[in-house]
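Sequence plus predicted model, see below.
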Protein chains: 2
Amino acid sequence: MYRIIHTDGRAKRGELVTVHGTIQTPVFMNVGTVAAIKGAVSSVDLAGIGTQVELCNTYHLHVRPGDEIVHEMGGLSKFMHWDRPILTDSGGFQVFSLAKLRKIKEEGVSFQSHVDGRHIFMGPEESMRIQSNLASTIAMAFDECPPSTAEKEYIRKSVERTTRWLVRCKAEMERLNSLPETINKEQMLFGINQGGIYEDIRIEHAKQIAELDLPGYAVGGLAVGESHEEMYRILDAVVPYLPKANPVYLMGVGTPANILEAVSRGVDFFDCVYPTRNGRHGHAYTKSGRLNLKNERYKTDDRPIEEGCDCPACRNHSRAYIRHLLVAGEMLGLRLMVLHNLRFYNRMMEEIREAIEQDRFEEYKKETLEGFARGQDA
Amino acid sequence: MYRIIHTDGRAKRGELVTVHGTIQTPVFMNVGTVAAIKGAVSSVDLAGIGTQVELCNTYHLHVRPGDEIVHEMGGLSKFMHWDRPILTDSGGFQVFSLAKLRKIKEEGVSFQSHVDGRHIFMGPEESMRIQSNLASTIAMAFDECPPSTAEKEYIRKSVERTTRWLVRCKAEMERLNSLPETINKEQMLFGINQGGIYEDIRIEHAKQIAELDLPGYAVGGLAVGESHEEMYRILDAVVPYLPKANPVYLMGVGTPANILEAVSRGVDFFDCVYPTRNGRHGHAYTKSGRLNLKNERYKTDDRPIEEGCDCPACRNHSRAYIRHLLVAGEMLGLRLMVLHNLRFYNRMMEEIREAIEQDRFEEYKKETLEGFARGQDA
């Protein structure tokens, strides 16, 4: 269960007790799409860089290796050797962004797998069953993610269906949690607020889903093309309508600056592929902005990526060595970059939690944003 | 300096004292071509799986990042954060196998870089200067590696030139070791015996290079297409003519069975890309033969790759999980395979050393070869 330990403005320092341990919030979840972090980072490595929650993708795991295989292997915790909390998304976002030949009906969505082209049907019940097989700590509701360019009228109809789907998700999750073969019988369901960039639809939807008394609520469908200002405006509008007694999760967000802004608007949970994806492209996060490690200027730079960082890359290796690995196309370069970037995000969350506890979050946020703006590669 | 601690038949249990620590022999060196092991394995990881010596490739490092950069960064030990011994090859093998538009003269070889096509000249002096910049513990002599299909008369002439080159290597290394800017002033030079599959040329060459009083001698030009039996025949013939007071290094060899056979013929040092390359292709070494982890049969196999193995893959992960990672193309799968295979080789060498000390090497070799032959994927 969730409790708020301290507040500082709208920023909240909380904790969510789960069957796999207590999550200290605000938290950044590390994305391990197919039960592994891109960049050869294992669950054992994650524990070493302070990761609290690993996020896995339901759609990917359903397609490969198959959620029934994962169930047979004892669930995701055992399969990937990770005994801390796991959040699985619902598959909805991937169905709407990756899969081909999609057809949406009231029952759910038919589509073709992006891996082998086979026909798959997924609705609220199927998503819950897959996530129950995966045995994650937190399951996400199956929702429609309409494109940010969709007409307001389409968004309104889509959100109404998403609400009906949420009711079905909740019923199916309760049924699954009572079955003897279910691995995690205390699996939590988080609902998802949708409504595009329309404050009125967002607020109306928030009120409706709040009535379902779920252990957590997410804000979905942001960071999909709208501006940062629009995202902040939506958060300002909708977060106050989500239940105070539950954590708020801003899905797929974002840059370190986005996270600071969202924390100050009351958000508790985050996830994003930026630290892994940018790391693999040679971009390192630091308190004074991003470094492009492939840059010629780092050729003989014997400093770590970031002074004072305790990640395995910074403890042991120089910018010059990591640059060499990246230029030579050695996997080790990608691994070190990803470890650094995830540690950077995890460490920023630790600092955010401390700053809230000490009633100096706005000061911390201001200083940190100024640091990012100073720029790097200098 | 090298000393023999114990012998068991022709198998030797020895140690080589170097400026970077003492190497217990027989030893298998782990190949980190461009100052990194393929498969996202760092020098920190290597220390954890009992690696004694990391081998780096002179040609690759000369091309990228450049040996002068490595020298500026304090040498390979500092550059790749590895404080144990390092052996660099001479670049010769790569010049003769990778580079384009090669021209051999008495002075050395002109060729084009396989990376950027630029013209490079490398002779004995250049190879020694590059290796001195890299500051490895052991430098290898610059030799010609003629194709295994070459005529006997060509091999004879080539070997005579290789001897003249070795004299020049020794003189240049002595000069470099006396310069103030040299990082490792105690860099050792190992000579290389050549002669293809001709015992008479091999023996004659061994006698000539033995006179140069070098700290170690390698047998080169094997495992390049001849049969295993031919390789063992050459070892039987030539090893007795190499100085007893120095270690013998069989370059680029080989399978676990090759290593067992060569140890019983008096070889001390080995290196090979098999554990890394085969690992990246999904093949795992075990005491009962090789496993193809991509095989369907491992889909729900919750055993480690090898029972009793203490590598990071076997300690934490199942065959089913590693198979999933390999099939999904996740780098983590490759990393875990490479860690297992290197640990397998390193552990086998530990067992070989113990068996020699206990005068039961032939028994250990027989049992181990029988285990490999039993086969796996079962």
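In hand now; what should we look at? Residues are numbered from 1 along each chain as shown, chains lettered A, B, ... in the order given.

Could you double-check that A:Gly333 sits in contact with A:Leu326?
Yes: here A:Gly333 lies in contact with A:Leu326, judged by Cβ atoms under 8 Å, at a distance of 4.1 Å. Every C-beta, even on glycine, is put in place using the N, C-alpha and C of the backbone.

More neighbours: those two, which one.
Taking neighbours as other Cβ atoms under 10 Å in any protein chain shown, A:Gly333 and A:Leu326 compare with A:Gly333 leading, 27 against 21.

Contact residues of the stretch 101-250 of chain A facing chain B?
Counting by Cβ under 8 Å from any Cβ of the partner chain, the stretch 101-250 of chain A comes close to chain B at no residue.

Just the closest residue of the stretch 101-250 of chain A to chain B, please.
A:Val115 (9.0 Å; Cβ to the nearest Cβ).

and that residue, what element?
Counting by DSSP states H and E, there is no helix or strand that carries A:Val115.

Can you check what pLDDT the model gives it?
Looking at A:Val115, its pLDDT reads 84.

Likewise for the one 3 residues further on?
A:Arg118 carries a pLDDT value of 90.

The nearest residue to A:Met73 once chain neighbours are set aside: what's it in contact with?
Closest residue in space to A:Met73, ignoring its immediate chain neighbours: A:Phe79 at 4.6 Å, by Cβ to Cβ, 6 or more residues apart in numbering or on different chains. Taking Cβ atoms under 8 Å, 6 or more residues apart in numbering or on different chains, we find A:Phe79 in contact with A:Ala35, A:Val70, A:Met73, B:Ser318, B:Ala320, B:Tyr321, B:His324.

Just put these in a markdown table and tack on distance to A:Gly371.
Shown next, in a markdown table, are those (distance: Cβ to Cβ, whole Å):
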| residue | distance to A:Gly371 |
| --- | --- |
| A:Ala35 | 35 |
| A:Val70 | 41 |
| A:Met73 | 44 |
| B:Ser318 | 43 |
| B:Ala320 | 44 |
| B:Tyr321 | 39 |
| B:His324 | 40 |
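
Buried only: go through the residues you listed for me.
A:Ala35, A:Val70, A:Met73, B:Ser318, B:Ala320, B:Tyr321, B:His324 (16 or more other Cβ atoms under 10 Å in any protein chain shown).

ok but the second one is inside a helix, no?
Yes: checked against DSSP: H, G, I helix; E, B strand; the rest coil, A:Val70 lies within a helix.

right, and it touches A:Leu134 too?
Yes: using Cβ under 8 Å, A:Val70 is in contact with A:Leu134, at 5.5 Å.

okay, and the common contacts of the two?
A:Leu61, A:Leu76.

one step back: in helices only, show me the buried ones among the contacts of A:Phe79.
When DSSP state H defines the helices, the subset of those inside them is A:Val70, B:Ala320, B:Tyr321, B:His324.

Mind putting those into CSV with pLDDT and distance to B:Asn341?
Shown next, in CSV, are these (pLDDT from 0 to 100; distance: Cβ to Cβ, whole Å):
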residue, pLDDT, distance to B:Asn341
A:Val70, 98, 26
B:Ala320, 98, 19
B:Tyr321, 97, 17
B:His324, 97, 19
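
so how far is A:Gln194 from A:Leu222?
Using Cβ to Cβ, to the nearest Å, A:Leu222 is found at 10 Å from A:Gln194.

ignore the last one, A:Glu54
25 Å.

Ok, A:Arg303 next?
Distance from A:Arg303 to A:Gln194, by Cβ to Cβ: 45 Å.

what does A:Ala320 give?
47 Å.

need the contact list for the closest residue to A:Ser43 other than its chain neighbours.
Leaving aside its sequence neighbours, A:Ser43 sits nearest to A:Trp82 (Cβ to Cβ, 6+ apart; 3.8 Å). Taking Cβ under 8 Å, 6+ apart as the criterion, A:Trp82 is in contact with A:Ser43, A:Leu46, A:Ala47, A:Glu54, A:Leu76.

who's in contact with the residue most central in space within chain A?
With distances taken as Cα atoms, centre = their mean, A:Asp271 lies nearest the centre of chain A, 2.2 Å away. Contact analysis of A:Asp271 by Cβ under 8 Å, 6+ apart lists A:Phe28, A:Met29, A:Asn30, A:Val31, A:Leu55, A:Leu87, A:Tyr249, A:Met251, A:Gly252, A:Val253.
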